[in-house]
Each structure stands twice: as C-alpha cells, then as structure tokens.
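K.L.:
the sequence isn't on hand, but the structure is:
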C-alpha cells in the first residue's frame, strides 16, 4: 500500500445515505461449496453502522460489506442486483480457489 498527500478537493457528487450490500459466506464442510446469503441495507446512517449490522448478523460466518456505486431500486428477490460495488470489508472465499476436478486417466 502507498499513501499520497493531496490538497483538499470538492467532490462533484456526495451520496449521503448509500445502499450497502452484505454477503455472508458459510461452508458446511471442506468438501462442500460455499453457501451465500446476500442482503441489501438501506437507510443506513454510515459505513460503521453497516459494518456493525453485518458483524452482529454474521453468527460466525465470513462476510463482505460493499457500498453500491449507483442508485438501484429494491426489486424482487429473484432479480439480481447490477450496481457496481466498492468493497469496504472482507473478501470472497471463492477467489483463488482452484477447481477440484479429478484428472482423467486412461487405462
């Protein structure tokens, strides 16, 4: 990581109450795939509140917290959300995992 000092800037746009997304990851056993439970948080005061909610709701599960970049209405459960995300906390446990396919061997 690098840090660079900068002068004060005026943002062209500030979203006072963005929408947050939380992914909870749970793996029943090492032989199973990761299960995902995803939530959208609205009406959140700040990132600290979103992180607190996620930590309280995790119940031992791994989790990620994101802020949505664009405004997107809350839709039905079966419609995937499409907003770009900025990760605030956590990581995807699937990143870096290799496919565990067995090698095919001919006799």
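P.N.:
Sure, I can see it. The model shown is predicted, which means the values in this text are computed figures rather than measured ones.

K.L.:
and the gap between residue 89 and residue 65?
P.N.:
4 Å (Cβ to Cβ, to the nearest Å). Quick note: C-beta positions are derived from backbone N, CA and C, even for glycine.

K.L.:
grab the nearest non-local neighbour of residue 25.
P.N.:
Excluding its sequence neighbours, the residue lying closest to residue 25 (Cβ to Cβ, 6 or more residues apart in numbering) is residue 62, at 4.3 Å.

K.L.:
any idea how far the one you found lies from residue 12?
P.N.:
35 Å.

K.L.:
for those two, indicate the residue with more neighbours.
P.N.:
Legend: neighbour count by other Cβ atoms under 10 Å for residue 62 and residue 12, higher for residue 62 (15 against 5).

K.L.:
tell me the contacts of that one?
P.N.:
Residue 62 sits next to 24, 25, 26, 90, 93 when contact means Cβ atoms under 8 Å, 6 or more residues apart in numbering.

K.L.:
okay, now the last one: neighbour count?
P.N.:
Here the number of neighbours of residue 93 (other Cβ under 10 Å) works out to 16.

K.L.:
swap in the second one?
P.N.:
Here the count is done by other Cβ under 10 Å, and residue 25 has 19 residues near it.
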